[in-house]
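Kindly return the folded structure for what I paste below:
(chains A and B)
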Amino acid sequence: DAGVTQSPTHLIKTRGQHVTLRCSPISGHKSVSWYQQVLGQGPQFIFQYYEKEERGRGNFPDRFSARQFPNYSSELNVNALLLGDSALYLCASSWEGRQETQYFGPGTRLLVL
Amino acid sequence: GEDVEQSLFLSVREGDSSVINCTYTDSSSTYLYWYKQEPGAGLQLLTYIFSNMDMKQDQRLTVLLNKKDKHLSLRIADTQTGDSAIYFCAESLHTGTASKLTFGTGTRLQVTL
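The predicted model follows:
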């Protein structure tokens, strides 16, 4: 079985631009969470979605948004990019019976210049 | 409050045991996790322990939980060079309807020959 997949693997943007990151969960997992990992730190929770509904949001500005599709894949959107948004963005999926146990994808590394 | 702390660095010789420590602050955590991150990669779930347990063994990995002191440890027996990575401990917290993970800053394990 494939694990969590994310695309793209890397991208470079400039300040003020918009970015869309994509995630496909493990087959059978209906919950998707997004985390931001700045260099040298642990991941920080951004969003959790379950059955296309937002279940929770971390302490991130409204420039960050996400959605989940009927096939349980998800997109993370970031508007008006800042230099500080440069990070590894991690997607995790979990089974509905135990949403605490999250399996991570390889991440998308975003560099904002 | 939510705060997970880990020491930053640990160096061990190949074949020795490694012990990575973590303290957390939220006593309502249901599960506690250990993840491994290799350079440039996502997070690999290594093991987890339910908060009503005090020990869990999984092949070379042993997790000890002292709930009174809010202390978690990961012991890796017969440490190999392939174990060199950053190890994150994480606690699961329920915020409303979300299940989010709060991570420590990670412990870099260096295995020397």
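
need the longest strand for the chain.
Unless you meant another one, I'm taking chain A. In chain A, with assignment by DSSP state E, the single longest strand is strand A:87-95.

I was thinking of chain B, sorry if that wasn't clear
Longest strand in chain B, counting residues (DSSP E): strand B:85-95.

For that one, which helices and strands make contact with it?
On a contact count with 3 or more C-beta pairs under 8 Å, 6 or more residues apart in numbering or on different chains; DSSP states H and E, strand B:85-95 meets strand B:4-6, strand B:18-24, strand B:31-37, strand B:71-76, strand B:98-103, strand B:107-112. Quick note: C-beta positions are derived from backbone N, CA and C, even for glycine.

Whether the fourth one contacts chain A - can you check?
In other words, strand B:71-76. No: Strand B:71-76 is not in contact with chain A by C-beta under 8 Å from any C-beta of the partner chain; minimum separation 14.2 Å.

same deal with the fifth one?
Yes: contact check for strand B:98-103 against chain A, using C-beta under 8 Å from any C-beta: residues in range are B:98-103.

what's the farthest-apart pair in these?
Largest separation among the residues of strand B:98-103 next to chain A by C-beta to C-beta: B:98 and B:103, giving 15.4 Å.

where does residue A:97 land on pLDDT?
Note on residue A:97: pLDDT of 73.

same check, this time on residue B:81
So, for residue B:81, pLDDT stands at 96.

what's across from the closest residue to it other than its chain neighbours in the sheet?
Excluding the flanking residues, the one nearest residue B:81 by C-beta to C-beta, 6 or more residues apart in numbering or on different chains is residue B:111, at 5.0 Å. Beta-bridge partners recorded for residue B:111 (DSSP bridges): residue B:12.

which SSE is the residue nearest the centre of chain A in?
Centroid check for chain A by C-alpha atoms, centre = their mean gives residue A:34 as the closest residue, at 3.2 Å. Using DSSP states H and E, residue A:34 sits in strand A:31-37.
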